[in-house]
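K.L.:
Here is a sequence together with a model predicted from it:
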Amino acid sequence: MVASNSIIDVCNLHIRFGQQEVLRDISIQVPRGQTLAIIGESGCGKTVLLKTIIGLIRPSQGHVDFDNRRVDRLSEKDLAHQRTRFGFVFQNSALFDSMTVAENILFPLRQHRAEQQAEHDQQMHAGLAEVGLPPSVLGKRPAELSGGMRKRVGLARALVMHPEVLLYDEPTTGLDPIVSDVINELMIRTSENYEVTSVIVTHDMKSARKVADRVVMLYPLSRLEPGEPQIIFDGSPAEIDAATDSRVSQFVRGEAGDRLMEMRESRAVGHA
């Protein structure tokens, strides 16, 4: 196998759940150190792609390579080891409600690096400081925190393992504009300080423009013609603002565009 500069290589990926096809012939290479934003409307397969990259979903066809190794061919033991090289920041933080903030942050360390127990507290406090939270939150439970604070705890938990790749699933969803920008700044600082590769699934164009080096836009298969590529844009944040494809420009500007006409036509057919 020829070594690649890409740490993630998605090769002709197809994902089907029963008769439903979600991803079709997706190929994306992510170079080391790049911050990639994957955008697109709901239902286009963004989160499915993220889960396939980390091996939570197996390809129906094609494959994902991580650091020149096919993820779907790894043994369970090797796959578990590979996942320690990732940090995953979930859409709803996915903190354990029954655990304190300290226990949540320490969870991956206790699972994967129990032999380094003496270093755990130091790593926990370093992660907390990195996301700008005071030590006073360590004894609190997730229900006692604001949405923005939970997101930051989720990021601190992802950072304690010093991952090579960070995967973010809608990191600013449900947050007000100020807190969203705090999360954006933290993502930028994390990429700079840790020299990680980042893949961000988002609907938030302000976040994509500010944080990403590169933007890929997926389109729902149900709205494509047969054989039409599912990736309808791949370029820089500056280039996406000049995109001539109306589907891209309407999404970027948040305009309904042809969708209102489609909804009216669908409604008319339903009443026929």
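P.N.:
Looks like it came in fine.

K.L.:
all strands in this structure, in order from the N-terminus.
P.N.:
In the chain, the strands defined using DSSP state E lie at 6-17, 20-31, 35-39, 61-66, 69-70, 86-89, 165-169, 197-201, 214-218, 231-235.

K.L.:
Contacts for the fifth one, please.
P.N.:
This points to strand 69-70. The list of residues contacting strand 69-70 from outside it, by CB atoms under 8 Å, 6 or more residues apart in numbering, reads 63-64, 82. (C-beta placed from N, C-alpha, C; glycine too.)

K.L.:
Let me know the closest of those to residue 238.
P.N.:
When these are compared for distance to residue 238 (CB to CB), residue 64 comes out closest, at 28.3 Å.

K.L.:
is it true that the closest one touches residue 12?
P.N.:
No - with contacts defined as CB atoms under 8 Å, residue 64 does not count as touching residue 12, sitting 10.4 Å away.

K.L.:
Compare the two (neighbour count), which wins?
P.N.:
More crowded of residue 64 and residue 12, by other CB atoms under 10 Å: residue 64, with 23 against 12.

K.L.:
dump the residue contacts of the more buried one.
P.N.:
Applying CB under 8 Å, 6+ apart, one finds that residue 64 lies in contact with 8-11, 13, 52-53, 55, 70-72.

K.L.:
quick one: the residue nearest to it when sequence neighbours are not counted and residue 102, what's the gap?
P.N.:
When the adjacent residues along the chain are set aside, residue 64 lies closest to residue 71, with 4.7 Å between them (CB to CB, 6 or more residues apart in numbering). If you measure residue 71 against residue 102 using CB to CB, to the nearest Å, the figure is 32 Å.

K.L.:
Looking at those two, which one has more neighbours?
P.N.:
Between residue 71 and residue 102, counted using other CB under 10 Å, the more crowded position is residue 71 (23 against 19).

K.L.:
ok, that one to residue 182 distance?
P.N.:
33 Å.

K.L.:
Then residue 103?
P.N.:
As it turns out, when the distance is counted by CB to CB, residue 103 lies 24 Å from residue 182.

K.L.:
Then residue 173?
P.N.:
Relative to residue 182, residue 173 is positioned 14 Å away (CB to CB).

K.L.:
ok, now residue 146?
P.N.:
11 Å.

K.L.:
Show me which of the two is the more surrounded one.
P.N.:
Taking neighbours as other CB under 10 Å, residue 146 and residue 182 compare with residue 182 leading, 18 against 11.

K.L.:
contacting residues for that one?
P.N.:
Applying CB under 8 Å, 6+ apart to residue 182 gives the contacts 132, 148, 152.

K.L.:
redo that, cut-off 7 Å
P.N.:
residue 148 (CB atoms under 7 Å, 6 or more residues apart in numbering).

K.L.:
Please apply the same query to residue 8.
P.N.:
Taking CB under 7 Å, 6+ apart as the criterion, residue 8 is in contact with 30, 53, 66, 165.

K.L.:
and what of residue 234?
P.N.:
The neighbourhood of residue 234, defined by CB under 7 Å, 6+ apart, consists of residue 216.

K.L.:
pLDDT score assigned to it?
P.N.:
According to the model's per-residue confidence, residue 234 sits at a pLDDT of 97.

K.L.:
Next: residue 86.
P.N.:
Predicted confidence (pLDDT) at residue 86: the value is 94.

K.L.:
Give me the residue ranges of the stretch 1-150 of the chain where confidence is low.
P.N.:
Residues of the stretch 1-150 of the chain that meet the criterion pLDDT under 70 lie in 1-4, 114-116, 118.

K.L.:
residues in contact with residue 187?
P.N.:
With CB under 7 Å, 6+ apart, residue 187 has these contacts: 168, 171, 198, 211.

K.L.:
Looking at the residues you listed, which gets the smallest pLDDT?
P.N.:
Minimum confidence in the contacts of residue 187 sits at residue 171, scoring 91.

K.L.:
From residue 96, how far out is that residue?
P.N.:
Counting by CB to CB, the gap from residue 171 to residue 96 is 19 Å.

K.L.:
which of the two has more neighbours?
P.N.:
Taking neighbours as other CB under 10 Å, residue 171 and residue 96 compare with residue 171 leading, 25 against 12.

K.L.:
my guess is that one meets residue 184, correct?
P.N.:
No - counting by CB atoms under 7 Å, residue 171 does not reach residue 184; the two are 8.3 Å apart.

K.L.:
Cool, thanks, signing off.
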